[in-house]
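> sharing a sequence plus its predicted fold:
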Amino acid sequence: MTNLLFSDIDGTLIRSDGTISDHVRRLLQKIAEKGHGLILTSGRPLPSMQKVHDYIGIDFPYSYLIANNGGLIYDCNKQDAIFEATLSFEIIDQLQNIAEDMQFHIQTYTENSIVCRRETEEVKCYASRIKMPILLSDRLTGALTVQPYKMLALSLRGSEALMPLKHRIERDYGDRLTLMFSQDGYLEILPISASKGNALRFLCHHLSIPVEHSYAAGDSENDIAMLRAAGVSYAMQNSDETVKSSAAFVTALDHEHDGIAEVLERILASS
């Protein structure tokens, strides 16, 4: 039976320098040769994820990208979206007003760019990491031609500094939005239907592969729904305790030392 690996990118599959080891690459190649699938999952927008997919450079029979924390599922082989969940222009304007009133950086995305009002230190650090250009617009919706998949609030002071904003948005929009941290200081703001867990279930159903044959690996709060939905779940050793308690297994090694190899080896052993 085909197995699907749903793997987070940052802090899970790739090291802090954005690379994977030769050992991990060989294991991924074996998984592809056995007929299994690799589904990259991330809070990153699609263009940034496509760069990671191209860097890995292995052809899998099942190759998908779950971008924007589940807001978009993209078929790499057909080069087409099979699921989308977006935010309305109205709510983009409202959230921009709230974030600016509370003096937090907030941004959204066009197809190829980050959109924000000012080029803050937060967005410069973020853009450098995900390799996307910055487009400035006083009103974020003024730069958009289609509804975006998510918004992102950033703080160089970490997630704790963003908690007042998170509580405010949850109070006013908790029935319409999902909020979670994808990394320290990264507050993801998504449509209520978007999550990595929902995306995992959708894709398994779409491919007629039982959820029991899904493997998930992650390290952050935005991975918890995916870990809980998967047939077999691994939290990375570098995860915090909340994430570790949401997974069936915890890798012996962290993402800097090929912790993902433990998951890959288990998939190969089950083949």
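That came through, no problem.
> my read: Ile82 touches Leu72, true?
No. Here Ile82 does not reach Leu72: they are 9.1 Å apart, not a contact under C-beta atoms under 8 Å. All C-beta atoms are positioned from the backbone trio N, CA, C, and that covers glycine.
> settle it for me: which of those two has more neighbours?
Higher neighbour count among Ile82 and Leu72: Leu72, with 22 against 13, using other C-beta atoms under 10 Å.
> so what pairs up with the more buried one in the strands?
Assessed by DSSP bridges, Leu72 has beta-bridge partners Ala67, Glu84.
> same question, Ile39
Bridge pairing for Ile39 (DSSP bridges) gives the partners Phe6, Tyr64.
> mind checking pLDDT for it?
Predicted confidence (pLDDT) for Ile39: 98.
> repeat that for Arg171.
Value listed for Arg171 in the pLDDT field: 97.
> over to Met1?
We have a pLDDT of 84 for Met1.
> does Ser42 really touch His53, like I thought?
No. Counting by C-beta under 8 Å, His53 is not a contact partner of Ser42; they are 10.6 Å apart.
> ok, those two, which is more surrounded?
For Ser42 versus His53, neighbours defined as other C-beta under 10 Å are more numerous around Ser42 (28 against 19).
> the more buried one: what's its closest spatial neighbour, skipping adjacent residues?
Once flanking residues are discounted, Ser42 sits nearest to Ile9: 4.5 Å by C-beta to C-beta, 6 or more residues apart in numbering.
> ditto for Pro61
Distances taken as C-beta to C-beta, 6+ apart put Gly35 closest to Pro61, at 5.5 Å, once the chain neighbours are dropped.
> my read is that that neighbour contacts Asp59, right?
No. Gly35 lies out of contact with Asp59 (C-beta under 8 Å); the separation is 11.7 Å.
> got any residues that touch both of Ser42 and His53?
Both Ser42 and His53 are in contact with Leu65, where contact means C-beta atoms under 8 Å, 6 or more residues apart in numbering.
> tell me where the chain has helices.
Taking DSSP state H, the helices of the chain run over residues 22-33, 46-56, 89-101, 121-130, 159-173, 196-207, 224-229, 241-245, 260-269.
> give me the residues contacting the third one.
This means helix 89-101. Helix 89-101 has contacts (C-beta under 8 Å, 6+ apart) with 105-106, 108, 117, 139-141, 144, 147-148, 151, 153, 165, 168-169, 172-173, 176-177, 189.
> one more time with 7 Å
Identification of contacts with helix 89-101 by C-beta atoms under 7 Å, 6 or more residues apart in numbering yields 106, 108, 139-141, 144, 147-148, 151, 153, 165, 168-169, 189.
> just the angle for it relative to helix 159-173, thanks.
140 degrees (axes from the mean of the first three to the mean of the last three C-alpha atoms, to 10 degrees).
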